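J.: Okay, predicted coordinates and the sequence, questions at the end:
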Amino acid sequence: MRRRRLAALAAALTLTASAPLAATTAAPSAQAESNGLAAAPLMGWSSWSFIRSSPTAAKIEAQADAMKSSGLSTHGFSYINLDDFWMACNSNGPEVDANGRWIADPAKFPGGIAAVASHVHADGLKFGIYVTPGIPQNAVLANSPILGTSNTAGQIAETSVAETNYNCQHMDGINYSAPGAQAYINSWADEFASWGVDYLKIDGVGAGDIPDIQAWSTALQQSGRPIALELSNSLAIADATTWSSLANGWRTTGDIECYGCESGGSSYPLTDWANVSSRFAATASWQPYGGAGGWNDYDSLEVGNGSNDGLSTAERQTMMSLWSLASAPLILGTDLTHLDSTDLAMLENNAVIAVDQDAIPADRVISSGSEQVFAKRQVNGTWDIGVFNTDASASHSFSVPLAQLGISGSVNATNLWTGGSLGTVSGSYTATVPAGGVSLISATPASGTGGTGELVSAQSGKCLDTRGAVVFFPGTMEEIWTCNGGIGQEFSPTSAGELRTMGATECLDVFNNQTAPGTKVELWPCNGQANQKWTVESNGTIVGQQSGLCLDVSGAATANGTQLDIWTCNGQANQQWSWALH
């Protein structure tokens, strides 16, 4: 990391003054929050797409071995997740142990689940398992005792509520106000922890299951083992902030598989273009809700088995590019024991993986006809840009104005799939994109736009901070907070006078175009309006070009969480800022 003087900011923000602010040294990166897991999107494999209803210990262990031997694990693919159909079932639903919890099908898993988890761990990988909300009817019928309590299954069951279970069915709801309800879920989480589970997928989740997810989130955290929590499927975006507060990932759509397309009793083709292309809209809609600790999940990445994936080579590149730009979990659904060499090279492309792992969900910039453009900005000022052609029958040429992405001046462009240089690009980036394909590039500004860094209050020494680091959610409040180098404290100046978030999709905005002293400052999608443009003066103040008022720490307070507003410029320390550019 190197220090720059504010002259860099001055050039970017169309300054009216000549004297620079003093630079400061940027703080180190912040740590992930919540349960400490999924600081970046998780990567791995799931049994559902390929193995589906016939998992066995031998099959799961073979996939784990292939993850290791193929080299995929060295590129970050680390989870081996056992999906549905691992449990034993009878006519009353999942069979249960003495305390009312699912048991493994002994024919499929003769050594139990813990033995499979141990095998996966021996490969240097992590193990995941599957469950659905509620309590099994078999537990209610047996009135199973709840471990560690004097309560029973019958006392916590809501037998009038039928929970979703796609396999065995027969899961009743749980009354979480009843004594023993949380203890029941705790006992199940403790059992999973004792088996060596590292990841739990809860399927069949709907808005009515929020109490279940709250209980499972609590249970996993008390289990003493770090267990990532994934929710599925087609979750309501109206509850997005709830899911993000409770889980590490949430399925935003239905299944990616092309049910009914299969032939010869196999799972192939795994998906089709219709299922993949439908994710463009979901990726755009859900973008504000992904971030460190929890990610928008667009379902399994069906890359690995060549034409058996159900997609052309170009379409497979599109799928991995879209998932990566969205910073979505990269959970493979393919057969790792029969990897196609072209697909393996795709999956081992570290430049594309890095786009996913930067933990910045991209913004959709263009959606016009067969053209889709997603873009995001890295902390070092480099943009990742995906230009997609959704026409699966013909190639098209598209021209993307750099200014529409927030880029001023020229860029040095690199094809992320080939690693080849595309030279210097000015004005617009033009690409001929194959049918169903993508042009995925990195674009490093050669001139015109500054880097990224923190704005530090001269009064408190604290940083301008986006509350909760929710840097993609319109209307999020701006405040001061102890400098930590986190994404919520990273801003990028542009030559248009904007201060953009690290992802280059949201701007520092004066609420509702108001000009009165005391008007709050928040994040809002960059729109080029005057209430999003700022001028830095020689005394360190930052002046709103629309109002002529200064960016101000409300009430001259110094406490973490103090809101920012605009106020009559007075030269006081709560209106003075220094810049730490990376």
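T.: Cool, the structure landed.
J.: Counting by contacts, list what the host helix or strand of T424 packs against.
T.: Element membership for T424 (DSSP states H and E) is strand 421-425. With contacts defined as 3 or more CB pairs under 8 Å, 6 or more residues apart in numbering; DSSP states H and E, the packing partners of strand 421-425 are strand 411-415. For the C-beta atoms, the positions are set from N, CA and C on the backbone; glycine is no exception.
J.: Which positions within the strand it packs on qualify as buried?
T.: Neighbour-count burial for strand 411-415, counted by 16 or more other CB atoms under 10 Å, picks out 411, 413-414.
J.: Please apply the same query to stretch 399-414.
T.: Those would be 400, 402-403, 405-408, 410-411, 413-414, for stretch 399-414 by 16+ other CB under 10 Å.
J.: returning to that earlier point: so what are the sheet partners of the strand holding T424 and their directions?
T.: Strand 421-425 has its sheet partners listed here by DSSP bridges as strand 411-415 (antiparallel).
J.: average pLDDT across the partner strand?
T.: Averaged across strand 411-415, the pLDDT comes to 95.
J.: Same check on stretch 85-105?
T.: 98.
J.: packing partners for the host helix or strand of A281?
T.: Using DSSP H and E, A281 falls within helix 279-286. On a contact count with 3+ CB pairs under 8 Å, 6+ apart, helix 279-286 meets strand 295-297, helix 313-325, strand 363-368, strand 371-377.
J.: Helix 313-325 and that one, what's the angle between them?
T.: If you take axes from the mean of the first three to the mean of the last three CA atoms, to 10 degrees, helix 279-286 sits at 10 degrees to helix 313-325.
J.: Measure how helix 279-286 sits relative to strand 363-368, angle-wise.
T.: Going by the same axes, to 10 degrees, helix 279-286 is angled at 140 degrees with respect to strand 363-368.
J.: Can you list the low-confidence ranges for the stretch 451-582 of the chain?
T.: Low-confidence segments of the stretch 451-582 of the chain (pLDDT under 70): 451-452, 470-472, 495, 502-505, 581-582.
J.: need the strands for it, in chain order.
T.: 453-457, 463-466, 478-481, 491-493, 499-501, 506-510, 521-525, 534-536, 542-544, 550-553, 564-567, 577-581 (DSSP state E, counting those that start in this stretch).
J.: and S393, what does it touch?
T.: For S393, the contact set (CB atoms under 8 Å, 6 or more residues apart in numbering) comprises A435.
J.: distance between the ends of stretch 106-124?
T.: Its start and end residues considered, stretch 106-124 measures 26 Å (CA to CA, to the nearest Å).
J.: which helices and strands does the helix or strand where V352 lies pack with?
T.: Secondary structure assigned from DSSP H and E places V352 in helix 350-357. Helix 350-357 makes packing contacts with helix 313-325, strand 438-445 when contacts are defined by 3+ CB pairs under 8 Å, 6+ apart.
J.: Any idea which of the ones you listed has the lowest pLDDT on average?
T.: Sorting the helices and strands packed on helix 350-357 by mean pLDDT places strand 438-445 lowest, at a mean of 95.
J.: Give me the contact list for that one.
T.: By CB under 8 Å, 6+ apart, the residues outside strand 438-445 that reach it are 314, 317-318, 321-322, 325, 351-352, 355, 381-389, 402, 407-417, 422, 425, 429, 431, 433.
J.: partners of that strand, with directions?
T.: Counting by DSSP bridges, strand 438-445 is paired with strand 383-389 (antiparallel), strand 411-415 (antiparallel).
J.: picking up where we left off before, so for the helix holding V352, what's the average pLDDT?
T.: pLDDT averaged over helix 350-357 gives 97.
J.: residues of it that come out buried?
T.: Residues of helix 350-357 classed as buried: 351-353, 355-357 (neighbour count, 16+ other CB under 10 Å).
J.: Next: stretch 489-497.
T.: 489-497.
J.: same thing with stretch 242-256?
T.: Across stretch 242-256, burial judged by 16+ other CB under 10 Å covers 242-244, 246-253, 255-256.
J.: Then stretch 70-81?
T.: Across stretch 70-81, burial judged by 16+ other CB under 10 Å covers 70, 72-73, 76-81.
J.: Domains of the chain: list them as residue ranges, please.
T.: Per the record, the chain has its domains at 7-32+450-581, 42-81+252-358, 125-245, 382-445, by automatic domain parsing.
J.: Output those domains in CSV, with distance to S368 appended to each entry.
T.: What follows is the domains of the chain, written out as CSV (distance: least, CB to CB, whole Å):
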stretch, distance to S368
domain 7-32+450-581, 18
domain 42-81+252-358, 12
domain 125-245, 23
domain 382-445, 9
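J.: residues in contact with the residue nearest the centre of the chain?
T.: The chain has W295 as the residue nearest its centroid, 2.7 Å off, counting by CA atoms, centre = their mean. Neighbouring residues of W295 by CB under 8 Å, 6+ apart: 38, 41-42, 248-250, 327-329.
J.: Does F192 touch S223 like I think?
T.: Yes - using CB atoms under 8 Å, F192 is in contact with S223, at 7.2 Å.
J.: The two: who's more crowded?
T.: F192 (26 against 20; other CB atoms under 10 Å).
J.: can you confirm the more buried one is in a strand?
T.: No - secondary structure assignment (DSSP: H, G, I helix; E, B strand; the rest coil) places F192 in helix, not in a strand.
J.: I113 versus that one, what's the distance?
T.: Distance, F192 to I113, using CB to CB, to the nearest Å: 9 Å.
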